[in-house]
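Enquirer: what's the 3D shape of this:
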Amino acid sequence: MPADQAEALSPAARRLYAYAAERHAFDAAEATEALGVRAAAAITELAAAHLLQRAPGGGPDRWSAVAPRAAAARALAPLTQLVRETHDEMDRLRGRLEALVPAYEAGTAHRDLSGSGRLELVTDLGAVRGLIAELVAACERELLTSQPGGGRPLETLEESIGRDESLLARGVRMRTLYQHTARYSRPTAAYVERVTALGAQVRTLGDGLMRMLVFDDHTGLMAVPDRSGAALVVREPNVVHFMRGAFERSWLGAEPFPTTVSPEAARSISDELRQTIVRLLSEGLEDKVIARRLGMSERTCQRHIAEIMRAIGAKSRFQAGYLLAPPPPVASGGGTGD
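Expert: Below is the predicted model of the structure:
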């Protein structure tokens, strides 16, 4: 019988079952006398759990114990039948859908020849995840990943790690870009430690990353602005080439992701983050926009901004933007001289 059902038995039923297991058969009167409590309710409870049965040839009031495994088999029989029927229905549904594969492949081949369908917007997050899993499984040479936004959520890393380890075990090259703020995320650092041990390369950059994946130089996925969970699937070779070029330019300016951050490295990255914040402040961007660009929380970003304003003696964001703005270029003289 199921463990949770066994745990749900009352103390009286448990005592009665132990009593029943010690003898070939018993009746309610015998059990009541032996246990000191009325046994009728406990008998009903055990019979409902398939742990008691009518004793063969002993009359309607004689009972005997049933082995727990036999009781489990009886209790689970309806569920087993339901699971079997569900699997059969899944097989039938899979067969009906897979029968359409030739038509789909013929249609996509025609679409690719005509040049249409090389950009596809996928708005369902589940469909995007399924597509990524499919593309990773088919990847043969290299996967490029650019993930702005600081440390990645733990559930996302748990979903990715098995898939990425399988990819690397096949000998596929994998390069990943994060922002500097990802270094302070312990789950992200633990993930990086695991995949780099298998040959992956991971670097970080302060700003300027676009969220994208590129598979074997033939398919790319790009994030869609203001459409959380959506992705643009790119199969147009020239656009995929542009995506790879953008990745390579960012890669050249990025720094290796260390699994432990020394105080010196932390100060260096912190200084670079502040310089980036100064640049974005001078462009007049709001706190939440700067925080999103740098992959940090808005509160952390506001703390950095407050420190910068104190350092330059600014009393307001407007004044800080004015003080940090680059000076206008000096106009060259236009006269012809004497």
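Enquirer: quick check: end-to-end length of stretch 103-122?
Expert: Stretch 103-122 has an end-to-end distance of 21 Å (CA to CA, to the nearest Å).
Enquirer: whoops, stretch 195-207 was the one
Expert: End-to-end distance of stretch 195-207 (CA to CA): 23 Å.
Enquirer: pull out the buried residues from it.
Expert: Going by neighbour count (16 or more other CB atoms under 10 Å), the buried part of stretch 195-207 is 195-196, 200, 202-207. The way it works is simple: take the backbone N, C-alpha and C, and place the C-beta from them, glycine included.
Enquirer: stretch 146-163 too?
Expert: Across stretch 146-163, burial judged by 16+ other CB under 10 Å covers 146-152, 157, 160.
Enquirer: please tell me how far that stretch is from the chain's geometric centre.
Expert: 6 Å (CA atoms, centre = their mean, to the nearest Å).
Enquirer: rounded mean pLDDT for it, please.
Expert: Stretch 146-163 shows an average pLDDT of 84 in the prediction.
Enquirer: show the end-to-end separation of that stretch, please.
Expert: Terminal residues of stretch 146-163 are spaced 17 Å apart (CA to CA).
Enquirer: which stretches in the stretch 1-150 of the chain count as helices?
Expert: Counting by DSSP state H, counting those that start in this stretch, the stretch 1-150 of the chain has helices at residues 3-7, 11-21, 28-35, 40-48, 68-98, 101-114, 125-138.
Enquirer: so which of these comes closest to Ala169?
Expert: Among the helices of the stretch 1-150 of the chain, the nearest to Ala169 by CB to CB is helix 125-138 (12.2 Å).
Enquirer: show me the shaky parts of the stretch 1-150 of the chain.
Expert: Flagging of the stretch 1-150 of the chain using pLDDT under 70 yields the residue ranges 1-7, 58, 108-117.
Enquirer: hang on, I meant the stretch 201-338 of the chain
Expert: Flagging of the stretch 201-338 of the chain using pLDDT under 70 yields the residue ranges 259-272, 295, 312, 315-338.
Enquirer: which stretches in it count as strands?
Expert: According to DSSP state E, counting those that start in this stretch, the stretch 201-338 of the chain carries its strands in the segments 201-205, 212-215, 219-223, 231-234, 255-256.
Enquirer: pick the most deeply packed of those.
Expert: The highest average neighbour count among these, using mean count of other CB atoms under 10 Å, belongs to strand 212-215 at a mean of 23.
Enquirer: what does that one contact?
Expert: Contacts to strand 212-215, defined as CB atoms under 8 Å, 6 or more residues apart in numbering, come from residues 132, 135-136, 138-139, 143-146, 220-223, 240, 243-244, 246-247.
Enquirer: of those, buried ones?
Expert: Those of the contacts of strand 212-215 that meet the buried threshold are 132, 135-136, 139, 143-146, 220-223, 240, 243-244, 246-247, by 16+ other CB under 10 Å.
Enquirer: show me what contacts the residue nearest to Ala70 when sequence neighbours are not counted?
Expert: In this structure, Ala70 finds its nearest non-sequential neighbour in His50, 7.7 Å apart by CB to CB, 6 or more residues apart in numbering. His50 makes contact with 1, 66, 70-72, 74-75 under the criterion CB under 8 Å, 6+ apart.
Enquirer: save those residues as CSV, and put in neighbour count too.
Expert: Listed next are the contacts of His50 as CSV, based on neighbours: other CB atoms under 10 Å:
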residue, neighbour count
Met1, 19
Val66, 22
Ala70, 14
Ala71, 21
Ala72, 19
Arg74, 14
Ala75, 16
